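In: coords please:
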Amino acid sequence: MIQRLQKRYALSEQGAKDLVKGCLACVLQNLSFMFPVSLLYFLVSDLLNGGIASGKSVFYIIGCAVCIGLILFTTYLQYNATYFATYTESGVRRITLAERLRKIPLSFFGKKDLADLTSTIMADCTFLEQSFSHFIPELAGSVISTILVAVSLFVFDWRMALAALWVMPVAFAIVGFSARIQENLNQKAMDVKMECADGIQECIETVRDLKANNAEQEYMEGLEKKIRAVERRSILNEFGLAAFVVSASLVLKLGIATVALTGSILLVRGSLDVITFFLFLLVVSRLYDPLQGALQNLAAVISTRTNIARMNEILDHPIQQGENRLTNKGCDIVFEHVGFAYNTGETVLKDVSFTARQGEVTALVGPSGGGKTTVSRLAARFWDVSSGKITVGGMDISRTDPEALLSLFSIVFQDVTLFDNTILENIRIGNKNATDKQVIEAARLANVDEFAEKLPDGWNTDIGENGCELSGGERQRISIARAFLKNAPIILLDEATASLDVENETLIQTALSRLIADKTVLVIAHRMRTVAGADKIVVLADGAVAEEGSPEKLLEKNGIYARMVKLQSESQNWKLK
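Out: Next up, the predicted model:
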């Protein structure tokens, strides 16, 4: 049962156990509310049979105190078993989802927007809190306690019990049959919410371009339509939910009428005594209140399926695993008939084979969309190949833990990601155990000191969100400094000098030449001048290796590489007239 609850509600093992405890606590709380009804029944019975005996007054006083104590105690248990346990589970869920995302191949993120993933971790987990603190335990508690009370009612009088309880299966069936309609409404509501969230995030990220092109008003009009769509869907969602819940509640209220009618008929015929009639009126007046809440909770539980499905999509996604122990001998990177396709079926690479040797610079060039970046990502196992094999020093990377494998790589991406922290701490990402002296030494190699020491707080200057206080070239140099600090045997450079001016590019290339001694270097570049000194060039076109060799040999061959060099030489002579 615990495993089924884990799967059904995206829970941890402890969370599933706590959910069971919460349901039991709600059962006890609901049953405790029936004790005053029983006490009242005995009191009325005594009054109708000649009054309360002198000794019984103490019994009723003690009974009231016991009822109050039971209600307080069970409420305390219910609060701890639902609210406190739920908040703990919510935190566990967020951490578990984040850890899962850390191990999922990057190909998964190509299908997901950041707003969608953020919503899953934050909003869906918040909805989980509401479900397990309000909806599920109270629903289970109401149903189980009602069944126990129903059994006792049949002991008193089966005819009156039927009159009181026939409405229950009908009411729950109405809400239960609405499940498919609710799921459809919830999914459509979730879709428009995600579309709206994407639009808001896109607006914030592109506000500069919108202003520059006088496109703000047009974009805001489109965004307003998305917001209005969320509003309409939310109203429709609430109406769809209310239509079933209110209908079921109305049916539930008919139980009071049928109890009164049936009891009156039986009372007139003399087959029912007044005390039993009074008991049933008391019980149903207390019984239907939690059941009405249970109907709302049932509808809410049904609506959680969309949120839980989104969490399970992450939790059930295959993760990359492998041996933590590195077995490579050297750091030659070998691609053997590698093919790769995204989940959409789009083929990116087909039968790619080449070797990037240790101690050499291997440059990947070619037309845009040829697969250069994909090759570098596959080498670091950001994605897994669809066919073929990639080895590092003879070690099959598909059988190696990604985090262990990445200890061999220093990577400088084309798109630099920085953190809202100091320059020193942003560089220390490359090696968290590095001293300030080691960090500054790596920074000087990347020419970071040129601008860092001019800032008001020097190396301890906060650079803002994603380095917004710095220029593109300055941000790139911090990224390169990380690679220097990590000092791994394999270096991947994805357009590492694309944001630098000619002077700084020359300085960085000089520094890189000191860094790459006896290391495997894989460089992606569009500017042919950047890779002119490479030991080997691999030309990728249409997802396959079109040419391979030294720059000199490829120029002699007069193929794709030679044509790219010629075109860039001609473009350098272009000028404004």
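
In: alpha carbons only for contacts and neighbour counts from here, please
Out: OK.

In: ok, residue 470 touching residue 462?
Out: No - the pair residue 470 / residue 462 is not scored as a contact, 10.1 Å apart, by CA atoms under 8 Å.

In: So which of the two has more stuff around it?
Out: residue 462 (20 against 13; other CA atoms under 10 Å).

In: list the contacts for the closest residue to that one other than its chain neighbours?
Out: Leaving aside its chain neighbours, residue 462 sits nearest to residue 422 (4.2 Å; criterion: CA to CA, 6 or more residues apart in numbering). If a contact means CA atoms under 8 Å, 6 or more residues apart in numbering, then residue 422 has 459-463 as its contacts.

In: so where do the strands sit in the protein?
Out: Secondary structure of the chain (DSSP state E): strands located at 333-341, 347-356, 361-365, 387-392, 395-396, 409-412, 490-494, 520-524, 536-541, 544-549.

In: Now tabulate those strands in TSV and tack on distance to residue 558 and mean pLDDT.
Out: Shown next, in TSV, are the strands of the chain (distance: least, CA to CA, whole Å; pLDDT from 0 to 100):
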stretch	distance to residue 558	mean pLDDT
strand 333-341	25	92
strand 347-356	20	89
strand 361-365	15	90
strand 387-392	30	93
strand 395-396	35	94
strand 409-412	31	86
strand 490-494	25	87
strand 520-524	21	89
strand 536-541	13	91
strand 544-549	11	90
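
In: Closest one of the contacts of residue 422 to residue 72?
Out: Set against residue 72, the nearest of the contacts of residue 422 by CA to CA is residue 462 (52.9 Å).

In: How much space separates residue 124 from residue 116?
Out: 10 Å (CA to CA, to the nearest Å).

In: These two: which has the busier surroundings?
Out: Neighbours per residue (other CA under 10 Å) separate residue 124 from residue 116, with residue 124 holding more: 23 against 18.

In: Correct me if wrong: that one contacts residue 306.
Out: No - judged on CA under 8 Å, residue 124 makes no contact with residue 306 at a distance of 9.1 Å.

In: and residue 159, how far is that from residue 38?
Out: Distance from residue 159 to residue 38, by CA to CA: 20 Å.

In: cool, and residue 214?
Out: 74 Å.

In: Which other helices and strands does the longest helix belonging to the chain contact?
Out: If you go by DSSP state H, the chain has its longest helix at helix 216-269. Judged by 3 or more CA pairs under 8 Å, 6 or more residues apart in numbering; DSSP states H and E, the packing partners of helix 216-269 are helix 158-165, helix 167-176, helix 179-205, helix 207-212, helix 274-315.

In: neighbours of residue 136, just the number please.
Out: Residues near residue 136, counting by other CA under 10 Å: 23.

In: ah, wrong one, I meant residue 220
Out: Residue 220 - counted by other CA under 10 Å - has 14 other residues nearby.

In: quick one, phi/psi of residue 526?
Out: According to degrees, to the nearest 10, the main-chain angles of residue 526 amount to phi -100, psi -30.

In: Return the residues in contact with it.
Out: 365-366, 495.

In: before we move on, what about residue 421?
Out: 461-464.

In: do residue 247 as well
Out: Residues in contact with residue 247 (CA under 8 Å, 6+ apart) are 171, 174.

In: Now do it, the pLDDT please.
Out: Per-residue pLDDT puts residue 247 at 84.

In: tell me the contacts of residue 444?
Out: Going by CA under 8 Å, 6+ apart, residue 444 touches 450, 481.

In: Out of the helices and strands packed on helix 216-269, the one nearest residue 77 is which?
Out: Of these, the one closest to residue 77 (CA to CA) turns out to be helix 274-315, at 17.9 Å.

In: what pLDDT, on average, does that closest one get?
Out: 77.

In: Tell me the one among the contacts of residue 526 nearest to residue 334.
Out: residue 365 (17.3 Å).

In: Who is that closest one paired with across the strands?
Out: residue 539 (DSSP bridges).

In: okay but it is in contact with residue 525, surely?
Out: Yes - counting by CA under 8 Å, residue 525 is a contact partner of residue 365 at 6.0 Å.

In: more neighbours, the two?
Out: Neighbours per residue (other CA under 10 Å) separate residue 365 from residue 525, with residue 365 holding more: 26 against 22.

In: Any chance of a markdown table for the contacts of residue 526, columns distance to residue 438?
Out: Below are these laid out as a markdown table (distance: CA to CA, whole Å):
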| residue | distance to residue 438 |
| --- | --- |
| 365 | 34 |
| 366 | 37 |
| 495 | 25 |
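
In: out of those, who's nearest residue 91?
Out: Closest to residue 91, out of all of the contacts of residue 526 and judged by CA to CA, is residue 495, at 39.1 Å.

In: wait, which of the strands of the chain is closest to residue 79?
Out: Residue 79 lies closest, by CA to CA, to one member of the strands of the chain: strand 409-412, at 50.1 Å.

In: Quick check: neighbours of the closest one in the sheet, parallel or antiparallel?
Out: Take DSSP bridges as the rule and strand 409-412 pairs in its sheet with strand 490-494 (parallel).

In: do you know how far the residue lying closest to residue 407 once chain neighbours are set aside is from residue 377?
Out: Distances taken as CA to CA, 6+ apart place residue 488 nearest to residue 407, at 7.0 Å, with adjacent residues excluded. Look at residue 488 and residue 377: by CA to CA, they are 16 Å apart.

In: hang on, the earlier thing: can you flag which of the contacts of residue 422 belong to helices?
Out: Assigned to helices by DSSP H, none of the contacts of residue 422 qualify.

In: so residue 75 makes contact with residue 29?
Out: Yes - between residue 75 and residue 29 there is a contact under CA under 8 Å: 5.9 Å.

In: Of the two, which one has the most company?
Out: For residue 75 versus residue 29, neighbours defined as other CA under 10 Å are more numerous around residue 29 (24 against 18).

In: Tell me how many other residues crowd residue 251.
Out: 17.

In: residue contacts, it?
Out: 167, 170-171.

In: Need the buried ones from those selected in PyMOL.
Out: To isolate the buried ones among these in PyMOL, judged by 16 or more other CA atoms under 10 Å, type:
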select buried, resi 167+171
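
In: Which one of the contacts of residue 251 is nearest to residue 149?
Out: Scanning the contacts of residue 251 for proximity to residue 149, where the rule is CA to CA, the winner is residue 167, at 14.9 Å.

In: how much space between that closest one and residue 151?
Out: 16 Å.

In: and if you look at residue 476?
Out: With distances taken as CA to CA, residue 476 is found 73 Å from residue 151.

In: re the thing from before, now tabulate the strands of the chain in a markdown table and tack on distance to residue 227.
Out: Listed next are the strands of the chain as a markdown table, based on distance: least, CA to CA, whole Å:
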| stretch | distance to residue 227 |
| --- | --- |
| strand 333-341 | 36 |
| strand 347-356 | 37 |
| strand 361-365 | 44 |
| strand 387-392 | 44 |
| strand 395-396 | 50 |
| strand 409-412 | 39 |
| strand 490-494 | 39 |
| strand 520-524 | 42 |
| strand 536-541 | 43 |
| strand 544-549 | 45 |
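
In: Of these, which is nearest residue 290?
Out: strand 333-341 (54.4 Å).

In: what angle separates that closest one from strand 347-356?
Out: 180 degrees (axes from the mean of the first three to the mean of the last three CA atoms, to 10 degrees).

In: Strand 333-341 - which strands sit beside it in the sheet, and in what orientation?
Out: Strand 333-341 has these strand partners (DSSP bridges): strand 347-356 (antiparallel), strand 387-392 (antiparallel).

In: Just the C-alpha atoms of that strand, please, in PDB.
Out: Below are the C-alpha coordinates for strand 333-341, written out as PDB (Å, rounded to 0.1, in the frame of the first residue of the first chain):
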ATOM      1  CA  ILE A 333      38.400  11.300 -26.900                       C
ATOM      2  CA  VAL A 334      37.300   8.800 -29.500                       C
ATOM      3  CA  PHE A 335      33.900   9.000 -31.400                       C
ATOM      4  CA  GLU A 336      33.100   5.600 -33.000                       C
ATOM      5  CA  HIS A 337      30.200   5.700 -35.500                       C
ATOM      6  CA  VAL A 338      28.200   8.000 -33.200                       C
ATOM      7  CA  GLY A 339      24.600   8.800 -34.100                       C
ATOM      8  CA  PHE A 340      22.300  11.100 -32.100                       C
ATOM      9  CA  ALA A 341      18.600  12.100 -32.400                       C
END
